[in-house]
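[1] Sequence first, predicted coordinates after that:
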Amino acid sequence: VYIPIDGVDRAAFAASLGGSGGLMGYVDTLSGGSISKLGLFSLGIVPFINSSIIFQLLSSAVPQLQKLQKEEGLAGRRKFNQLQRYGALAFAVVQAVGQILYVRPYVDDFSLSYLASSSLTLTAGAMILLYIGEVLSELKLGNGTSLLIFVNIVAALPSSVGKTLSTGGEVDNTGGLALFALAFVLITMGIVYVQEADRKIPINYASRYKAGGLARSSYLPFKVNSAGVMPIIFASSLLALPVGIANFTGSALVASGAKLLYPGGPLYLPVNVGLICFFNYFYTFLQLDPNDVSDQLKRQG
């Protein structure tokens, strides 16, 4: 993010985002300020997230993709992941070109070669982040995509805390700050508790009965929140999509619709909650398909 792209007046562009009153400023906030910085990794992990959304939706409608993901084992999942990478590359190219065209008024010497080189740079940055995320996942350090998003948020946390403390000090609201800190800690603890919780369902296998009872007790674990943070990521990406379309097309109609969906708009909260619920159900169903679970239990006897 902090490795800048040459030839752009970043200060003027950041000032325009700050004074635009909403749309691109909202997207910039979602990306941790990467858009206004116009750096190598400005696209972040968003192209891969968009590709994941598309392929997860397609997997429920296209039998070939569903077979790759569920019936062909490790080799099939590798092919499915490779298709997601190709999709992420396509999204990265489109988003890179769109971002460079959007900052065209702030470029000193804009040309076709500048558009190509800058778009290639942004696309390479997105692919590097994708590779880093996959390495983190392979090293069993957690979900690589979630870790990169977490690092992006934490990187902006000190400045956010500093602004909050300075604001609280100006109005002498120590009690409010203490209450805010307590709420933050309690909410974090609640999120961790729900994320790590699971439901253990006892299983009795007919083939394991002996004279003295069951050969051994077993259970089927179900995580309470098996989808994790992915529904929130998917919902945020879709809510930011109308903003990008509005800025790319310059359509007043699309822009007016996008204003309804960014924070503070009348449709933001209900649409956001609805998308999170939908993706939570959809993602959980993909991971815990009853037919797949029953087939696995049959194979285990």
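    Received, thanks.

[2] C-alpha from now on. contacts and neighbour counts both.
    Will do.

[3] Let's test this: name the helix or strand in the chain with the lowest mean pLDDT.
    strand 213-214 (a mean of 48; mean pLDDT, DSSP states H and E).

[4] which other residues reach the helix or strand just after that strand?
    Scanning forward in sequence from strand 213-214 by DSSP states H and E, the next helix or strand is strand 218-223. Where contact means C-alpha atoms under 8 Å, 6 or more residues apart in numbering, the residues beyond strand 218-223 that reach it are 195-204.

[5] Report the buried residues of strand 218-223.
    By 16 or more other C-alpha atoms under 10 Å, strand 218-223 has no buried positions at all.

[6] Return the distance of it from the chain's centre.
    28 Å (C-alpha atoms, centre = their mean, to the nearest Å).

[7] Direction included, what does it pair against?
    Applying DSSP bridges to the sheet, strand 218-223 is found paired with strand 198-203 (antiparallel).

[8] centre of the chain versus the strand it pairs with, how much separation?
    30 Å.

[9] quick one: average pLDDT of that strand?
    For strand 198-203, mean pLDDT is 78.

[10] now stretch 48-64
    Mean pLDDT, stretch 48-64: 81.

[11] Let's see the ChimeraX selection covering just the buried ones among the contacts of strand 218-223.
    Selection of buried members from the contacts of strand 218-223 for ChimeraX, criterion 16+ other C-alpha under 10 Å:
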select :195
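
[12] Count the neighbours of Tyr106 for me.
    17 (other C-alpha atoms under 10 Å).

[13] what sits against the residue nearest in space to the middle of the chain?
    By C-alpha atoms, centre = their mean, the chain has its centre lying nearest to Ile233, at 3.4 Å. Shown in contact with Ile233 (C-alpha under 8 Å, 6+ apart): Ile49.

[14] Would you mind stating the distance between it and Ile149?
    From Ile233 across to Ile149, the span is 9 Å (C-alpha to C-alpha, to the nearest Å).

[15] same check, this time on Arg85
    18 Å.

[16] again, but for Tyr86
    The gap separating Tyr86 from Ile149 is 21 Å, by C-alpha to C-alpha.

[17] Counting neighbours, go ahead and name the busier of these two.
    It is Ile149, of Tyr86 and Ile149, that has more neighbours when counted by other C-alpha under 10 Å, with 19 against 13.

[18] Which helix or which strand is home to that one?
    helix 144-170.

[19] looking only at pLDDT, what's the mean for that helix?
    The predicted model gives helix 144-170 an average pLDDT of 72.

[20] All the helices of the stretch 151-300 of the chain, residue numbers only.
    Assignment of helices within the stretch 151-300 of the chain using DSSP state H, counting those that start in this stretch yields the ranges 174-196, 230-249, 252-259, 268-287, 290-299.

[21] Output the second one as CSV, nothing but the C-alphas.
    The C-alpha trace of helix 230-249 is given here as CSV (Å, rounded to 0.1, in the frame of the first residue of the first chain):
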residue,chain,number,x,y,z
MET,A,230,-16.8,-14.8,5.0
PRO,A,231,-20.5,-13.7,4.9
ILE,A,232,-19.6,-10.3,6.2
ILE,A,233,-16.8,-10.0,3.6
PHE,A,234,-19.1,-11.1,0.8
ALA,A,235,-21.8,-8.6,1.9
SER,A,236,-19.3,-5.7,2.2
SER,A,237,-17.9,-6.5,-1.3
LEU,A,238,-21.4,-6.5,-2.9
LEU,A,239,-22.4,-3.3,-1.1
ALA,A,240,-19.3,-1.6,-2.5
LEU,A,241,-19.9,-2.8,-6.0
PRO,A,242,-22.6,-0.2,-6.9
VAL,A,243,-20.1,2.5,-5.8
GLY,A,244,-17.5,1.3,-8.2
ILE,A,245,-20.0,1.0,-11.1
ALA,A,246,-21.2,4.5,-10.4
ASN,A,247,-17.8,6.0,-10.5
PHE,A,248,-16.7,3.9,-13.6
THR,A,249,-19.8,4.7,-15.7
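
[22] Fine, thanks again, bye for now.
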